[in-house]
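Novice: whatever this is, show me its structure:
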Amino acid sequence: MLLADLDRETKWQLISSTCRASFEEFCREFWQCVPGAGRVIWSWHMTVICRELQEMAERVFAGTPREHDLVVNISPGTSKSTLASILFPAWTWTRMPACRLITGSHTEALVLDFSGKSRDVVKHSKYQRCFPEVQIRGDRDARGEYMNTAGGERRVCTVAGKTSTGLHAHILLIDDPIDPRRVLSEVERKVAADFMLDYIANRKVDKAVSATVLIMQRLGVGDPTDVVLAQAKVPGAAPVRHVCLPAELPDEKTRASVSPQALLMRYGEDGLMDPVRLPRSVLVENKAKGDLFYSTQFLQAPYVRGGGMFKTHFFLQRVRAAPYHARRVLYFDRAFSANEDSCHTVGTVLAHHEGNWYVGPVKSGKWWPHERDLEIVGMAQQCRDRWGPNHEPDVVVEREPAAGIDSYRALAAKLAGFRVHADPVRVNKEQRADPWASQCAAGNVFLVDDGTWNLEEWIRLHCAFPGAARKDEVDSSGGAFNWLVQRVRQRSVSSQFRILSLRPADAKQPLLRLVVCALAELGQVTVEEQSLLVNFVDPPGMRGEVMCNVDRAVLLSNATEESTLSGSREVESIEANVTVAVGGEVAALPVLSSAETPAHGLSNLLGSVTLEFGDLDPAEHQERWEEPLPDLGGMSPAQLRMVPEHGKRLWRLLTQHRDPPWQICVLCDGGDRRALSAAYAVADTLRLSRAGHIYQVSDPDGKHEQAPPNRHIYELVQASRGMVM
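Specialist: Model (predicted):
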């Protein structure tokens, strides 16, 4: 017999009994009672959701202990909210009029819309004809809080706002507890986690019977689905049934994520879950919104294959060293205790040159505050040694509110002599990382692969962001980028306007001249005026002598300089006990630093100094900075560099008060670039014209208008002037 052949009363009784028995049939029959729902377009995934909800609800109706709570992950636009948040509460009253429900979502407007539409279904004439016993009380008839005459009730709540204080429910149904636009916020995720674990768990009529339903699209590692599934693994916790339905099956990993696995056979040959609501064209359109968006919300994957905000192919560009003349920052993200879970102190060197960004080296560790500060100071000093005062990075320390100004001041005091800044934290980690991720995606980022830091671990942590518990590497890199990009912009604007100060000529000042020669020429130089001598020599290791395993420049800086003039020659020596390696054995030997003043024709020598460092520019050796090189006597560029202490000793010689004052300074080297580069720096610092004050023995007619032959020596001598009073 057909339904059309039945009399009207029998027809309504059949619809009523069928819909009471089956939530799926109820949805099909009452779909058009939902305001704005339109014609029903049924799909197999809707049957799955209906049957899962009904199976869970049947135990509540019977008052038997629940077997599990329910988590459903499915893409947006699949009618999940119409089924779960609108039709399901209306159906429960057809079976259990006294059923009490709490329904929630991420915003009050959304949860009120669901609740109001569900109330409209209950009040619809068709529903009243089939289930006349379900009547809304006139005194309890608001969109967000209404009750029927049998004691059944529905109240709404929001994750971070409106709550149903004092109410306990038979069924708790949470639909999209986080706004997808805010999922990157660590605060939002924590609030949602606390809501699911604490609030919902305490709002049950009977904790053994009352059931919880969470239905949402995945939003990333650490979202409410992650929280609930992780809690279910705790011994003694209530089990959770997980239904996961990706929009398509692009690979084996996505196929493996389908839950239950038996549902794989329901996907079509094209691998689509719902070809009507989510055809290939719609999926392609959503892919264009970004891999993180598509992977989480449509593939139900809590991470992006190959990375979230960052992907592995962003970091394929490698260099041995960043350009020497790049602008740099050394940025520290500090942890404040060595036993903090997952928290590391991370220092990142980031360089910018001609539109590209160079990362490395990066240092991280878990240290107690005093150890951490020593590591920071040590890394700052290493950067100064390598790049010199004109190219050493600014030291920037992230200052969170928890750290306090006192902690920063204490660290800044230890960094005296460096350009150190505090970077107050004003936005969350994900927002800070977003501009950095854009540069990485654009292919403007290079990793300095010099063997001094763990690139692969750094890449892994970036690709796991923002879901990974450890975010310090990304925070340090993002902070460095944001700080440096502001300085680059300021520099580009300020460089358009420059104010030059003029120094009036002083007629009483003696005429200062700088004579540049090679050591082989020094004996032929005859000078009658009061003069100084600066002798540049190679370190002992380059001369074939035993080289101590201590930094000679540091040794010199800690020694007392005593000059003894003997006619026209000066011997400057420093004795110390240091450890040296001889034939694989360690021994303590006295060391005589600096050679005797070489033979010369300076008849009125007022003072001299011998400076030991190699004629090398770090810009030419960045790719092999720490490697022993045969052409450098088996020493590394880092060991042979000129350091600020050399420049300070030069300026102490030049600025020492003498009566009569010196008029000529002779600078000699081994016939290389050191003497002329230093002469250029002294002349430019003292504002002396090169052509009128520098005399080069090997090139008497030199114009001295070219760039300094060794730019590192030139810049370091200039910068060292401010270090000497």
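Novice: and residue 670, how far is that from residue 520?
Specialist: From residue 670 across to residue 520, the span is 9 Å (Cβ to Cβ, to the nearest Å). Where C-beta positions appear, they are placed from N, C-alpha and C, glycine not excepted.
Novice: what about those two, which has more around it?
Specialist: residue 670 (16 against 12; other Cβ atoms under 10 Å).
Novice: how much space separates the more buried one from residue 202?
Specialist: For residue 670, the distance to residue 202 - Cβ to Cβ - is 82 Å.
Novice: give the contact list for residue 44.
Specialist: Shown in contact with residue 44 (Cβ atoms under 8 Å, 6 or more residues apart in numbering): residue 266.
Novice: same deal with residue 390?
Specialist: For residue 390, the contact set (Cβ under 8 Å, 6+ apart) comprises 715-716, 718-719.
Novice: quick check, pLDDT for the residue positioned nearest the centre of the chain.
Specialist: With distances taken as Cα atoms, centre = their mean, the residue of the chain nearest its centroid is residue 474 (1.7 Å). What the model reports as pLDDT for residue 474 is 87.
Novice: ok, and the closest non-adjacent residue to it?
Specialist: Once flanking residues are discounted, residue 474 sits nearest to residue 465: 4.6 Å by Cβ to Cβ, 6 or more residues apart in numbering.
Novice: what is the neighbour count of residue 242?
Specialist: Residue 242 has 18 neighbours, counted by other Cβ under 10 Å.
Novice: next: residue 167.
Specialist: 15.
Novice: was I right to think it contacts residue 104?
Specialist: No. Applying Cβ atoms under 8 Å, one finds residue 167 not in contact with residue 104, separated by 11.8 Å.
Novice: show me where the stretch 301-450 of the chain has its helices.
Specialist: 369-391, 404-414, 429-441 (DSSP state H, counting those that start in this stretch).
Novice: and the ones you listed as CSV, adding distance to residue 355?
Specialist: Below are the helices of the stretch 301-450 of the chain laid out as CSV (distance: least, Cβ to Cβ, whole Å):
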stretch, distance to residue 355
helix 369-391, 18
helix 404-414, 32
helix 429-441, 10
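Novice: for stretch 436-449, which residues meet the burial criterion?
Specialist: Residues 436-437, 439-441, 445-448 are the ones in stretch 436-449 that count as buried (16 or more other Cβ atoms under 10 Å).
Novice: domains of this protein?
Specialist: What the record gives for the chain is the domain set 3-297, 312-493, 513-723, from automatic domain parsing.
Novice: hang on, the earlier thing: my guess is the residue nearest to the centre of the chain contacts residue 433. True?
Specialist: Yes. Using Cβ under 8 Å, residue 474 makes contact with residue 433 at a distance of 5.2 Å.
Novice: picking that back up, need the contact list for the residue nearest to residue 474.
Specialist: The contact partners of residue 465, by Cβ under 8 Å, 6+ apart, come to 308-310, 433, 471, 474.
Novice: what about the contacts of residue 390, which one has the most neighbours?
Specialist: Going by other Cβ under 10 Å, residue 716 tops the contacts of residue 390 with 26 neighbours.
Novice: that one belongs to a helix, doesn't it?
Specialist: Yes. Assignment of residue 716 by DSSP: H, G, I helix; E, B strand; the rest coil places it within a helix.
Novice: tell me the pLDDT at it?
Specialist: Note for residue 716: predicted pLDDT of 92.
Novice: how about the contacts made by it?
Specialist: Applying Cβ under 8 Å, 6+ apart to residue 716 gives the contacts 388-390, 642-644, 646-647, 681.
Novice: picking up where we left off before, distance to residue 42 for the contacts of residue 390 - can I get that in TSV?
Specialist: Listed next are the contacts of residue 390 as TSV, based on distance: Cβ to Cβ, whole Å:
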residue	distance to residue 42
715	75
716	77
718	79
719	76
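Novice: what is the burial count for residue 86?
Specialist: By other Cβ under 10 Å, 28 other residues sit near residue 86.
Novice: do residue 262 as well
Specialist: Per other Cβ under 10 Å, the neighbour tally for residue 262 reads 8.
Novice: helix, strand, or coil at it?
Specialist: Here residue 262 is recorded as helix under three-state DSSP.
Novice: any idea how far it is from residue 242?
Specialist: Residue 262 is 13 Å from residue 242, where distance means Cβ to Cβ.
Novice: how far away from the center of its chain is stretch 286-305?
Specialist: 21 Å (Cα atoms, centre = their mean, to the nearest Å).
Novice: having no further points to raise, I will conclude here.
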